[in-house]
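Model the following, please.
(one chain, ligands or ions: 1)
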Amino acid sequence: MEFCDLHRQYLQYQSEIDTAIAGVIRDTSFINGPDIAALESELAAFCKAEHAVACSSGSDAISLALMALDVQPGDEVLCPAFTFIATGTMISIVGAVPVFVDAEPRTFNIDPEKLEAKIGPRTKGIIAVSLFGQCADFDAIRKVADKHGLWVLEDGAQSFGATYKGKYSCALTGIATTSFFPAKPLGCYGDGGAIFTDNAALAEKLRMLRNHGQEKRYHHKMIGVNARMDTLQAAILRVKLRHFQEEIPERRRVADAYTRALKGIVNTPEVPEYNTSVWAQYTIRVKERESLREHLRTKGIPTAVHYPMPLPSQEAFRSLQQGEDFPVSNRLAKTVMSLPMHPYLSAAEIGLITQSIKEYLHA
Ligand SMILES: Cc1ncc(COP(=O)(O)O)c(C=O)c1O
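Prediction:
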């Protein structure tokens, strides 16, 4: 059994994907080929954002967005303590300081009630991650941000395809990012990412920033980087995007089956009524995590821990000395455990996973 079965997915769309790859190779349109612009308009149309800018990864999407927002060395940016490392390190990469905010216990997303205490004179904005496939509470976050004149950026690396109060992730804030890392709900066959915005000038700036600050060939208007998406990845993503709306309910089917079987036995994920999750991960909480993982491993069931250490405790951030007051994140890091998740998990596989968990817990 695979944790995220990309091979089964490839077999499903094999002829379309092979044709798309062959087309890029035949045309040798490896960099900035026509699939890039086509993908950008399809991504924007999917989530109903005005503009999508494809780029080289979800991490680069964040740093490009921060550059476009003119984040300067010494600026402070609030972000979750409980997330993937890139949310925080990309703030550091542009010279700014990540200021960590604890998670709220129900959704594991940044706690809007804990934002205000972390805002100071150097605070410029808030990055909220929509973790494990469900959006952070952006209305509550926006209220605090507006009061203090801060921008809000959604790190939607795990939530492209999710909705919040009927609107799509990545179109909820003035600027948002996502990742197309292969294991993401919408993944490519290497690294890839995108930035979304409703602001045409910001989109134009992002297009320059990702391509050496270039306005037209060999004319560089600003200091930029090389963070372009490969055309091959765009061609593959265009195929997968065509099928994405069919895959989301399949991910939900798997999540619902897990919840039906495991509710009351372990702590199952909670999705508030205003959210629909795209189930990037199905993450339970258990006290006896390591021994349960070992038991499942002996049955051929892979599991993962997202994430074993909150950002403030990571060595990379130790010098910031923000390690102490993150009780929810610290508790989550000790108990979270993700189960296999992909649209092709069969009822028999789900049965084996849930039965094995019950067997171990004598439930
Ligand atoms: C929340 C979050 N932010 C950022 C990233 C970075 O994306 P990438 O791996 O495409 O650089 C990831 C990827 O795992 C992520 O989960």
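
Could you pick out the residues of the stretch 101-250 of the chain near the ligand for me?
129, 155, 157-158, 179, 181, 191, 193 (Cβ under 6 Å from any ligand atom). For glycine as for every other residue, the C-beta is placed from the backbone atoms N, C-alpha and C.

Dump those residues into TSV; add secondary structure, pLDDT and neighbour count as well.
TSV is the format used below for those (DSSP: H, G, I helix; E, B strand; the rest coil; pLDDT from 0 to 100; neighbours: other Cβ atoms under 10 Å):
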residue	secondary structure	pLDDT	neighbour count
V129	strand	98	26
D155	strand	98	31
A157	coil	98	29
Q158	coil	98	29
S179	strand	98	30
F181	coil	98	19
D191	coil	98	19
G193	strand	98	28
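
show me where the stretch 151-300 of the chain has strands.
For the stretch 151-300 of the chain, the strands defined by DSSP state E, counting those that start in this stretch occupy 151-155, 163-164, 167-168, 175-179, 193-197, 214-216, 219-220, 275-276, 282-285.

Which positions within stretch 300-318 qualify as buried?
301, 303-307, 310-313, 317 (16 or more other Cβ atoms under 10 Å).

go on, stretch 81-92?
Result for stretch 81-92 [16+ other Cβ under 10 Å]: buried residues 81-84, 86-91.

any idea how far that stretch is from the chain center?
12 Å (Cα atoms, centre = their mean, to the nearest Å).

Give me the contacts around it.
58-59, 62-63, 66, 71, 77, 79-80, 97-98, 100-103, 108, 127, 129, 131, 155, 157, 306-307, 310-312, 314, 316-317, 326, 328-329, 332-333 (Cβ atoms under 8 Å, 6 or more residues apart in numbering).

Can you flag which of the residues you listed belong to helices?
58-59, 62-63, 66, 328-329, 332-333 (DSSP state H).

Quick one: end-to-end distance for stretch 288-305.
13 Å (Cα to Cα, to the nearest Å).

ok, and what's touching it?
Taking Cβ under 8 Å, 6+ apart as the rule, stretch 288-305 contacts 1-3, 281, 286, 334-340, 352-353, 356-357, 360-361.

distance of the residue in the stretch 51-200 of the chain that the ligand sits nearest to from R228?
Nearest residue of the stretch 51-200 of the chain to the ligand: G58, at 2.5 Å (Cβ to the nearest ligand atom). Applying Cβ to Cβ, to the nearest Å, the value for G58 to R228 is 14 Å.

Looking at those two, which is more packed in?
G58 (27 against 19; other Cβ atoms under 10 Å).

need the contact list for the residue nearest to the more buried one when sequence neighbours are not counted.
Of all residues not flanking G58 in the chain, S179 sits nearest, at 2.4 Å (Cβ to Cβ, 6 or more residues apart in numbering). Each residue near S179 by Cβ under 8 Å, 6+ apart is listed here: 57-59, 61, 157-158, 192-193.

what do you get for C170?
47, 49, 154, 156, 159-160, 176-178, 194, 196.

same check, this time on M67
If you count contacts by Cβ under 8 Å, 6+ apart, M67 has them with 94, 209.

Could you do F100 as well?
With Cβ under 8 Å, 6+ apart, F100 has these contacts: 78-81, 88, 118, 310-312, 317, 322, 326.

Local confidence estimate at it?
F100 carries a pLDDT value of 97.

now do G323
69.

again, but for the one 4 residues further on
Per-residue confidence for P327 comes out at a pLDDT of 97.

neighbours around it, how many?
If we define neighbours as other Cβ under 10 Å, then P327 has 11 of them.

who touches it in this structure?
D102.

ok, now how distant is it from the ligand?
21 Å (Cβ to the nearest ligand atom, to the nearest Å).

Next: D27.
For D27, the distance to the ligand equals 26 Å [Cβ to the nearest ligand atom].

Wait, that residue touches G33, no?
Yes - using Cβ atoms under 8 Å, D27 is in contact with G33, at 6.7 Å.
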